[in-house]
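> got a sequence here, can you build the structure:
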Amino acid sequence: MANKLIKVKAPATVANVSCGFDCIGYAISKPGDIVTIEKQDQLGIEISMSGIKYESIPVDPENNTAGKAILSLLNTLESKQGFKVHIEKGIPPGSGLGSSAASTAAAVVGVNELLGKPLKQDELLVHGMAGEAASAGVEHADNVAPALFGGIILIRSYEPLDILHLPVPNNLFSTVVLPDFTVNTREARSILPKHVPLKTAIAQAGNLAGFTLALHNGDFDLLGRSMVDHLAEPHRAKLIPGYDHVHQSAIDTGAIGCGISGSGPSVFALSDSLEKAEKIGLAMVNAFKNSGLTSQSYCSPIHTQPPEILS
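The predicted model follows:
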């Protein structure tokens, strides 16, 4: 008998990774969202929510990222199957940790499984991107691609869509510190300039190339030199109280590099050991505290697995 219910967990993600605005992201082991999906006889998608700060998230399928992604998938398959979807938020919205992408990735994986896996994993990405547009106003993949595939992902091109899996050095660790503060994704996009000087574009392209080569060679010195954002961070840093102090605290504690995770307010750092990652997290938490914000630190290796089917 075919399964009627599935529970899927998808991870938080760090997007942009300093030099890769809208084209690089990586997955982290925690936090994560859990999505429970059940087939129902009636038409349509019925969404319910629980967990951290879920109250601000719409449950209308057209305006909910997971719902929008499911509708996109069903439309492609010309399926009229109905579903009950419950989203348990472990990643708060507006955190800069791919909250919407995690729900979306878990949802498309779960629905695809319940329908007998008509689509391959990489074919699910376009539907995840359609879901992302519901919250960000634009289809972008730098959160949903790593949430869906794990690891470090480079989106080489959006038209046509070309996704590359970058190597993950064994001794590369992530620290993410989430302050008790919210940044609106649309607002964080609206403050970005529509045009950048040629000199700025060249500097960003050089850093992105250096970052990619550094992962291939395991060259952490080059990785650190390349983790400079000339496009978004200069404008978004002012949205995060005490950002400069938090950034400096990570570097002073031995981080390879540090930057804003996605639109913020989360701040991430990369390092070469779990012990160092934890020390960096403590330093960043203390720096946020000095700016009047409580925060939480998450330290782990880069998460390299796709969403986990729990039951």
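
> any stretches of the chain with poor pLDDT?
For the chain, the stretches with pLDDT under 70 are 1-2, 136-137.

> in it, which spans are strands?
Under the criterion DSSP state E, the chain contains strands at 5-15, 24-40, 45-51, 82-89, 152-158, 161-166, 173-179, 257-260, 267-271, 295-301, 308-309.

> OK, contacts around the residue nearest to Ser263 when sequence neighbours are not counted?
Closest residue in space to Ser263, ignoring its immediate chain neighbours: Ala188 at 3.6 Å, by C-beta to C-beta, 6 or more residues apart in numbering. C-beta: built from backbone N, CA, C; applies to glycine. Contacts for Ala188 (C-beta atoms under 8 Å, 6 or more residues apart in numbering) come out as 236, 239, 263-264.

> could you identify the most distant pair in the residues you listed?
Leu239 and Ser263 (8.2 Å; C-beta to C-beta).

> give me the common contacts of those two.
Contacts common to Leu239 and Ser263, judged by C-beta under 8 Å, 6+ apart, are 183, 188.

> could you give the angle of the longest helix along the chain to strand 161-166?
If you go by DSSP state H, the chain has its longest helix at helix 198-217. Between helix 198-217 and strand 161-166, the angle comes out at 50 degrees (axes from the mean of the first three to the mean of the last three C-alpha atoms, to 10 degrees).

> could you shift the numbering so residue one becomes 878, and keep it that way?
Understood, numbering begins at 878; the last thing we discussed is helix 1075-1094.

> can I get the CA coordinates of helix 1075-1094 in CSV?
Only the C-alpha atoms of helix 1075-1094 are listed here, as CSV (Å, rounded to 0.1, in the frame of the first residue of the first chain):
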residue,chain,number,x,y,z
LEU,A,1075,32.8,48.4,-13.0
LYS,A,1076,35.7,48.4,-10.5
THR,A,1077,33.4,46.9,-7.8
ALA,A,1078,32.1,44.2,-10.2
ILE,A,1079,35.7,43.2,-11.0
ALA,A,1080,36.7,43.0,-7.4
GLN,A,1081,33.6,40.8,-6.6
ALA,A,1082,34.3,38.5,-9.6
GLY,A,1083,37.9,38.1,-8.4
ASN,A,1084,36.9,37.2,-4.9
LEU,A,1085,34.3,34.7,-6.2
ALA,A,1086,36.9,33.0,-8.4
GLY,A,1087,39.4,32.9,-5.5
PHE,A,1088,36.8,31.4,-3.2
THR,A,1089,36.0,28.7,-5.6
LEU,A,1090,39.6,27.8,-6.3
ALA,A,1091,40.4,27.9,-2.5
LEU,A,1092,37.7,25.2,-1.9
HIS,A,1093,39.2,23.0,-4.6
ASN,A,1094,42.7,23.4,-3.2
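
> check which helices and strands it sits against.
strand 1038-1043, helix 1097-1103 (3 or more C-beta pairs under 8 Å, 6 or more residues apart in numbering; DSSP states H and E).

> can you do 7 Å?
For helix 1075-1094, the packing partners by 3 or more C-beta pairs under 7 Å, 6 or more residues apart in numbering; DSSP states H and E come out as helix 1097-1103.

> from Gly928, how far out is the closest residue to Lys916 other than its chain neighbours?
Spatially, and ignoring its direct neighbours in sequence, Lys916 is nearest to Lys881 (4.6 Å; C-beta to C-beta, 6+ apart). For Lys881, the distance to Gly928 equals 23 Å [C-beta to C-beta, to the nearest Å].

> one more: Leu1151?
With distances taken as C-beta to C-beta, Leu1151 is found 27 Å from Gly928.

> for Gln1081, same thing?
When Gln1081 is compared with Gly928 (using C-beta to C-beta), they lie 36 Å apart.

> do Gly902 as well
From Gly902 across to Gly928, the span is 22 Å (C-beta to C-beta).

> more crowded one of those two?
A direct count of neighbours by other C-beta atoms under 10 Å for Gly902 and Gly928 places Gly902 higher, at 28 against 16.
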